[in-house]
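# Any chance you could fold what I've pasted below:
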Amino acid sequence: MNVDDENMPKEEFLDYLKYERNYSPCTIQAYSKDLDQFESYVRACHEGDFNLRLIDADVIRGWLAMLMDEGLSPVSVNRKLSSLKSFFKFQLKRSEIQVDPTRFVVGPKQAKPLPCFVRDEDMENVLDGDGFDEDFTGIRDRLVLEMLYDTGMRRSELIGIRDKDVDYGAKVIRVIGKRNKERLIPFASGLENLMRAYMAIRNREVGDESGWLFVRENGKQLSTGIVYRIVKDHLSSIPMLPKCSPHVLRHSFATSMLNNGAELNAVKELLGHSSLASTSVYTHTTFEELKKVYHAHPRAKKEGGYYGN
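Prediction:
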């Protein structure tokens, strides 16, 4: 493909992200939006013209400066710069450009906030309290929170679980993580009892035709939006908790595991992190020597959980 002066050649790059890198549609959409914004900036600065080969580091730095002036956070600006770096690296490999204009461009410095997490005793009060009804949605919602906190899985991984992915004999759940990477997550007796209680009322009142583990009252797959609402509604009862999102429960799982003696590399595998650096951020609350793996988690020590009596 020859790069012309009319359009930013992004479609083949987006196809590369989709088919070769296995990026999610949401991630690809974010890349596309970033590239569109950059193209608009370049055209505005060059009387409507766009030529890929004429873009240099100064043009890119000017765009970043404009984004900062508009009030974007350093995190957002660096994410957009990362999109540009990937795009120009792709074009360089295809020999569409001779020099990567982003190679010496550095984004704004950003503080690395510590992950927000729920204290063990607060989470115990939520999970074992009386804030859940005993009907289908109540038991389902309790299981949603319990599973996120007990396993550390992502919201997208949770809604993607099918009935066949749960192996009660081996006590593991198969999930598909980022970039379609599969992993097995162990679970303890308390979570098993709650899953069985949920499936019994689900099969009786809603049915199991869809094959999805988590469903709505109409039998359709649970959405990420509903999961967010469930978590937010129940975590909002915890005083002084700055965030009430599903990812807070993932942070809480990791922090609790490390505080109770789990090995850092084992937590990395359970979370599905590609590098240890991503997991190391949770060591800020680690008080004891890292020794154990999954059964260091306090919920794993409960024999019956809420439905095990």
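
# Any regions of the stretch 1-150 of the chain where pLDDT drops low?
Confidence mapping of the stretch 1-150 of the chain against pLDDT under 70 gives the ranges 1-7, 111-114.

# if we go to 50?
1-5 (pLDDT under 50).

# What segments of it are helices?
11-19, 25-45, 57-69, 74-93, 120-128, 136-151 (DSSP state H, counting those that start in this stretch).

# pLDDT weak spots in the stretch 201-309 of the chain?
285-294, 305-306, 308-309.

# residue ranges of the helices in it, please?
Using DSSP H, counting those that start in this stretch, helices in the stretch 201-309 of the chain cover 224-235, 246-259, 264-271, 276-280.

# would CSV of the ones you listed with distance to Pro25 and mean neighbour count be doable?
(Glycine included, C-beta is placed from N, CA and C.) Putting the helices of the stretch 201-309 of the chain into CSV (distance: least, Cβ to Cβ, whole Å; neighbours: other Cβ atoms under 10 Å) gives the following:
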stretch, distance to Pro25, mean neighbour count
helix 224-235, 13, 17
helix 246-259, 19, 23
helix 264-271, 23, 19
helix 276-280, 23, 14
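
# Which stretch among the helices of the stretch 1-150 of the chain is buried most, on average?
helix 136-151 (a mean of 23; mean count of other Cβ atoms under 10 Å).

# Kindly spell out which helices and strands sit in contact with that one.
helix 120-128, helix 155-159, helix 189-205, helix 224-235, helix 246-259 (3 or more Cβ pairs under 8 Å, 6 or more residues apart in numbering; DSSP states H and E).

# contact partners of the second one?
Right, the one you point to is helix 155-159. 24, 144, 147-148, 175-177, 212, 214, 221-224, 227-228, 246-247, 272 (Cβ atoms under 8 Å, 6 or more residues apart in numbering).

# at 10 Å instead, please
For helix 155-159, the surrounding residues in contact (Cβ atoms under 10 Å, 6 or more residues apart in numbering) are 24, 26, 143-144, 147-148, 151, 173-178, 183, 185, 212-215, 221-228, 231, 245-247, 249-250, 272.

# ok so, going back, so which of the helices of the stretch 1-150 of the chain gets nearest Ala266?
For the helices of the stretch 1-150 of the chain, proximity to Ala266 was assessed by Cβ to Cβ; helix 136-151 is nearest, at 13.3 Å.

# And stretch 45-53, what's buried?
Within stretch 45-53, the residues that count as buried by 16 or more other Cβ atoms under 10 Å are 50, 52.

# just how off-centre is it within its chain?
36 Å (Cα atoms, centre = their mean, to the nearest Å).

# For it, list the C-alpha coordinates in CSV.
C-alpha atoms of stretch 45-53 as CSV (Å, rounded to 0.1, in the frame of the first residue of the first chain):
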residue,chain,number,x,y,z
CYS,A,45,-2.0,22.5,11.7
HIS,A,46,-1.2,22.0,8.0
GLU,A,47,-4.2,23.6,6.2
GLY,A,48,-6.1,20.3,5.8
ASP,A,49,-3.2,18.3,4.5
PHE,A,50,-1.9,15.0,5.9
ASN,A,51,1.3,13.3,4.8
LEU,A,52,2.6,10.5,7.0
ARG,A,53,6.2,10.9,5.9
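
# what about Ile173, which SS state?
Using DSSP: H, G, I helix; E, B strand; the rest coil, the structure places Ile173 in strand.

# Endpoint to endpoint, stretch 125-138 covers what distance?
Using Cα to Cα, to the nearest Å, the end-to-end distance of stretch 125-138 comes out at 16 Å.

# now the helices of the stretch 1-150 of the chain as CSV including distance to Met195?
Putting the helices of the stretch 1-150 of the chain into CSV (distance: least, Cβ to Cβ, whole Å) gives the following:
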stretch, distance to Met195
helix 11-19, 34
helix 25-45, 28
helix 57-69, 46
helix 74-93, 36
helix 120-128, 14
helix 136-151, 6
